[in-house]
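S.K.: Provided below for reference: sequence and predicted model.
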Amino acid sequence: NAGVTQTPKFQVLKTGQSMTLQCAQDMNHEYMSWYRQDPGMGLRLIHYSVGAGITDQGEVPNGYNVSRSTTEDFPLRLLSAAPSQTSVYFCASSYGDGYTFGSGTRLTVV
Amino acid sequence: GESVGLHLPTLSVQEGDNSIINCAYSNSASDYFIWYKQESGKGPQFIIDIRSNMDKRQGQRVTVLLNKTVKHLSLQIAATQPGDSAVYFCAENTGTALIFGKGTTLSVSS
């Protein structure tokens, strides 16, 4: 049972490039969410999903897109990366009570 | 809007002491809170949770207290050990995602 798998673990992007952070869970959880964590800050909610085909914005959604075509996958897309998006990104899945986090993606935008 | 915050960014204790980490929230409708521990380079790890129908909940060496009157909760760690050194976050579970506070760094010296 892998839990929540995030790929890649590390990524360096140039300003303006696009990329997709992958998140997959094998626990059949309905709820999935993306967070970013900046130095000295707590995790901030970017987008979340309550089931396949349903997504909603969190606290800091600007510059990010998501989709949820399957229960298992919840990718996060950066359409045009900016240095302000340099951060550590965590994906989590949940059945409503317990949340399982991935190990994170460390993204640097130069 | 919703916010969850912690009072102190850092806490230093001696091994064997009891540690108390505090958290305040602003939304009186918030009814489910979770404490997380985050070690360097890892995702948040569940410690203990509490719902608004409880004032206190105990786990192994940890106790969470919830004071709904003043919108405050605390995490107490008994007999703190060097392995407890980490960043601790309180988070509100909205039912579909988490709203995190900024975190308290606990340093345990032996």
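M.R.: Nice, I can see it.
S.K.: strands of the chain, residue ranges please.
M.R.: The chain I'm using is chain A. A:4-7, A:10-13, A:19-25, A:31-37, A:43-51, A:54-57, A:64-66, A:76-78, A:87-94, A:99-101, A:105-109 (DSSP state E).
S.K.: please refer instead to chain B.
M.R.: Going by DSSP E, chain B shows strands at B:4-6, B:10-14, B:19-25, B:32-38, B:45-51, B:56-58, B:62-67, B:72-77, B:86-93, B:98-100, B:104-109.
S.K.: out of these, which comes closest to residue A:77?
M.R.: Counting by C-beta to C-beta, residue A:77 lies closest to strand B:98-100 out of the strands of chain B; the figure is 21.4 Å. For every residue, glycine as well, the C-beta is placed using N, CA and C.
S.K.: the closest one pairs with which strands?
M.R.: Here strand B:98-100 has these sheet partners by DSSP bridges: strand B:86-93 (antiparallel).
S.K.: then the strand it pairs with to PDB, C-alphas only?
M.R.: What follows is strand B:86-93, C-alpha atoms only, in PDB (Å, rounded to 0.1, in the frame of the first residue of the first chain):
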ATOM      1  CA  ALA B  86      10.200  19.200  15.000                       C
ATOM      2  CA  VAL B  87       7.800  21.800  13.800                       C
ATOM      3  CA  TYR B  88       4.300  21.400  15.200                       C
ATOM      4  CA  PHE B  89       1.200  22.700  13.400                       C
ATOM      5  CA  CYS B  90      -2.400  22.900  14.500                       C
ATOM      6  CA  ALA B  91      -4.900  22.700  11.600                       C
ATOM      7  CA  GLU B  92      -8.600  23.100  11.200                       C
ATOM      8  CA  ASN B  93     -10.200  20.200   9.400                       C
END
